[in-house]
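Novice: Structure for the following, please:
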Amino acid sequence: MLTACISSLSRASTRGRQPTTAAIRFARRTFATPKLGERDASYAWNKSCYSGIDYEIGDESTVFEAVEKFAAYNVGCLVTKDVDGKLTGVISERDYVTKIALLGKTAETTKVKQISTKAANLVTASPDDTVDACMAKMLSRDIRHLPLVDDNGKVVGIISIKDLIKSCLEEKEHTIRSLSSFAMGEGGHFVM
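Specialist: The predicted structure is shown next:
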């Protein structure tokens, strides 16, 4: 389709006409972002609030240190790692509320590894998983965060349900704009 668009634009210029602004806008808009259904977890990760921050914490750290990171970065979950850098689980605000605050423990003396969700029970995703597949994983286990793990088992990111919802909304808005442009005659068909 991109080839058809480019050849149509070039034919218009060889006939002495300038391509319409609408045709140029349609070409840019259609091919600037992945198509509907082609967005994956890595796309959501790149737009995530977790991208660009230190979303990891050592499992020997105190829960208080985890809470400080939650507040400093305005996030609700961190990936936990052992001294060798291996994924051991995740710790979330929910873990703090249910396993520290409600049970009367102190965050200053409790280790992250004592309350975190362990790797054996952890749901993860691949950066290549679709946004829909990630949402299905989250909904099936009633979780709000999903670590992204590559083929070698290395953590490469973490996404939240909010990141996935934003990606879905962006896809829907893209579809609405494309259909509206088509209905208004602003692209959507190319002369061969």
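Novice: how about the helix or strand residue 65 falls within: buried residues?
Specialist: Using DSSP states H and E, residue 65 maps to helix 63-73. Residues 63, 65, 66, 67, 69, 70 are the ones in helix 63-73 that count as buried (16 or more other CB atoms under 10 Å). C-beta here means a position set from N, CA and C on the backbone, and glycine is covered the same way.
Novice: I'd assumed residue 97 was in contact with the first one.
Specialist: In this case it means residue 63. No: counting by CB atoms under 8 Å, residue 63 stays clear of residue 97, with 11.1 Å between them.
Novice: residue ranges with poor pLDDT in this structure?
Specialist: 1-38, 187-192 (pLDDT under 70).
Novice: so who does the residue nearest the centre of the chain touch?
Specialist: Nearest to the mean C-alpha position of the chain, by CA atoms, centre = their mean, lies residue 44 at 2.3 Å. Residues in contact with residue 44 (CB atoms under 8 Å, 6 or more residues apart in numbering) are 131, 134, 159, 163, 164, 166, 167.
Novice: Against residue 62, how distant is it?
Specialist: Between residue 44 and residue 62 the distance is 31 Å, computed by CB to CB, to the nearest Å.
Novice: In stretch 40-56, which of the residues would be classed as buried?
Specialist: Under 16+ other CB under 10 Å, the buried positions of stretch 40-56 are 40, 41, 42, 43, 44, 45, 48, 49, 50, 55.
Novice: Highest neighbour count among the contacts of residue 44?
Specialist: Within those, most neighbours by other CB atoms under 10 Å means residue 159, with 31 neighbours.
Novice: Doesn't it lie inside a strand?
Specialist: Yes: counting by DSSP: H, G, I helix; E, B strand; the rest coil, residue 159 is part of a strand.
Novice: What separation do you get for it and residue 134?
Specialist: Noted for residue 159: a distance of 7 Å to residue 134, by CB to CB.
Novice: any shared contact partners between the two?
Specialist: By CB under 8 Å, 6+ apart, residue 159 and residue 134 have these common neighbours: 41, 44, 125, 146.
Novice: Okay, and the second one sits in which element?
Specialist: Secondary-structure assignment from DSSP H and E places residue 44 in helix 41-46.
Novice: CA-only coordinates of that helix in PDB, if you can.
Specialist: Extracted in PDB, the C-alpha atoms of helix 41-46 (Å, rounded to 0.1, in the frame of the first residue of the first chain):
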ATOM      1  CA  ALA A  41       4.300  -4.800  24.200                       C
ATOM      2  CA  SER A  42       7.500  -3.000  23.200                       C
ATOM      3  CA  TYR A  43       5.500  -0.200  21.600                       C
ATOM      4  CA  ALA A  44       3.600   0.300  24.900                       C
ATOM      5  CA  TRP A  45       6.900   0.100  26.800                       C
ATOM      6  CA  ASN A  46       8.400   2.900  24.800                       C
END
